[in-house]
Structures are given as C-alpha cells and as structure tokens.
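[1] Show me the folded form of this:
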Amino acid sequence: MHKFNVTVNECSNIVVGDNANLTIRASNGIPQQRHVPEQATATNATAHAPFQESGDAIDYKAKSGYVLLIHNYSFPKRRDTERQWSAEDVKGLTSLFDDFNFTIKTRNNLEQSEILELLQDASEKDFGKYDCFVCVILSHGSKDGIYGTDDVSINIEAITSYFRRDRCPSLEGKPKIFLIQACRGSQQDSIPIESDSEPIPYASSSLPADADFLICFASAPGHERYRQPELGSWFISAVVKIFKEYAGKEHLMDMMLRVNNHVANFFSNTGLKQIPCQVCMLRRKVFFNPSYNTL
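    A predicted model of the protein is given here:
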C-alpha cells in the first residue's frame, strides 16, 4: 500500500485506482474522505447508440441496414432436387426489407465454397453507413450446419465468425442478425410434409467479440422445419407477417417472441409442430424504422 500527498490547486477530473481512498482537504484544512469503488473508472460507450428518444439508454434504432440473402433452392445431388415454395420466402423478405429501406443483396444456389467466399467478401466491406447487418440463409440443413448446393455443410459458428469484431470491425457495436431457415436435424413427432433435411424413413473494439449477435433458427436444436404451398416456410412467413405489423412499435426481441408464438400455433395435417429458437447476444433493444413507422 502506497500513500501520496499531492497538492492540487484546481482540477476538473480526478482519476484514481479501484478501491482507493481519496482524501480532499478544503481550504479550511478539514479532510473529506471519499472511497472509490471497483470499476468506478469504467466508461459506458454509447458511440453506436443512435436512438435514445424514449430516454432508455439501451434503445437502438436501425434506420439503415445491409441484408445478405443466400437462397439455395436447387440441390442436384438429391432425389428431391428443388426446395419447393422457397421463392415465397424470398418475395416476403424482399418486401419486408424494402419497407425498412435496407440494402438487399441476394445470391442464389451457392456451393459451400461459394458461401464461404461470399461471407469473406461481405466481412471485408465497410459497414460504416449502416446501422445493422442482416444475414438470411434459406437452405437445407442438419445438426451439423447449413448445406451448400453441393451438400457440403458449414456450421453456424463458422458463418457468424466472419462478422465478429476482429474480422469485421465496422460492425462492432451494431446488431448482427442471422435468420436461418433450415432444418437442424431430423427429429419429428410424426410423418413429415415438406422438410429441409435429408429424406428419412417414415419409421424414424472494446466490446466482447460476440456481442450484438442475434441468431434466429427456424426450429429447435435437432428438429426439422416445414414449408407449404403459397405460404412458404412457417418461420419466414411468420417473420414477415409479424415484422410488418409490429416493427413500427416494438423492438426486435419482442417481435421474435410473437414469431415463436405464431409458429407454435401451426400444425400440419399429420400433427407436426415447430418452434423457432433464438440465441441472443444483443445489448440493446433494436427498433427498425419502416416507411410506415408509427413509433
């Protein structure tokens, strides 16, 4: 323990170590002691918080965004070569992000190596003018990850790693949202309708690098997800419906709760059920700014 006696005639800020005792003597010589608690000198960075109109410091309004949409619907190595009705998802998502005035880049039918190359290129972009990043992947999948059209998988951690702070610094502090429309396994309660997994027998900066990610899966771990004619996938159709209705007044995670509830009420004519799943590492309540905004 070291003690210092320092005379300061005038100052505006004093920085001392954690758990220090600071004694201040007024001009009359009377000491006034102050204890400095741990972490007292930590700063609360708000450089990436463009929206605090409600007075809540964790509100964040994404007025602009960049959307990378990977749409794999043709799988030539499979017996069922095409993911039917997936175009409905693309149509709905395009309409939704147009409402948000987001920039949309769509790529179709990419093999595994092409997906990795695309993600690498995207991570090297300067996202300085955007408030958030959205990556949507519509494809087949399994518990091991997402498939390219060549049936080679990529795990989710590899996909999101491209947009961590160290590889994509221009997105630090900004929401990075992933919408994954693909199976996560083959678990089911009964005979499936259209499924996004392999056919199975009917008998069977200063911030943490992972901060500000939200990964939204169409189904719970190990489970299939479903599509149907005209509607498209249960998950994406619910995202489009809920976001269009509530994006002007609710934040992202509240809307995802509504998506979960909406999808949970679906069932197929054979009794199949599905529940979406989110992995949330967001630090703020993310609001969008649709053209019809009422917030």
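[2] any idea which helix or strand comes after the helix or strand of the chain with the lowest mean pLDDT?
    The helix or strand of the chain with the lowest confidence, counting by mean pLDDT, DSSP states H and E, is strand 31-36 at a mean of 48. Sequence order places strand 59-62 as the next helix or strand after strand 31-36, per DSSP states H and E.
[3] Tell me which strands the helix or strand that that next one is followed by pairs with, and in which orientation.
    Once the chain leaves strand 59-62, the next helix or strand it forms, by DSSP H and E, is strand 65-71. Sheet pairing of strand 65-71 (DSSP bridges) gives strand 103-108 (parallel), strand 132-138 (parallel).
[4] Quick one: the helices in the stretch 101-250 of the chain, in order.
    Secondary structure of the stretch 101-250 of the chain by DSSP state H, counting those that start in this stretch: the helices cover 112-123, 156-161, 234-246.
[5] which residues of the stretch 101-250 of the chain fall in strands?
    Under the criterion DSSP state E, counting those that start in this stretch, the stretch 101-250 of the chain contains strands at 103-108, 132-138, 141-142, 145-147, 153-154, 176-181, 213-217, 227-228, 232-233.
[6] now for the third one, which elements pack on it?
    The one in question is strand 141-142. Applying 3 or more Cβ pairs under 8 Å, 6 or more residues apart in numbering; DSSP states H and E, we find strand 141-142 packed against no helix or strand. Quick note: C-beta positions are derived from backbone N, CA and C, even for glycine.
[7] how about 10 Å then?
    strand 153-154 (3 or more Cβ pairs under 10 Å, 6 or more residues apart in numbering; DSSP states H and E).
[8] other SSEs contacting the strand it packs on?
    The elements that strand 153-154 packs onto, with contact taken as 3+ Cβ pairs under 10 Å, 6+ apart, are helix 112-123, strand 141-142, strand 145-147.
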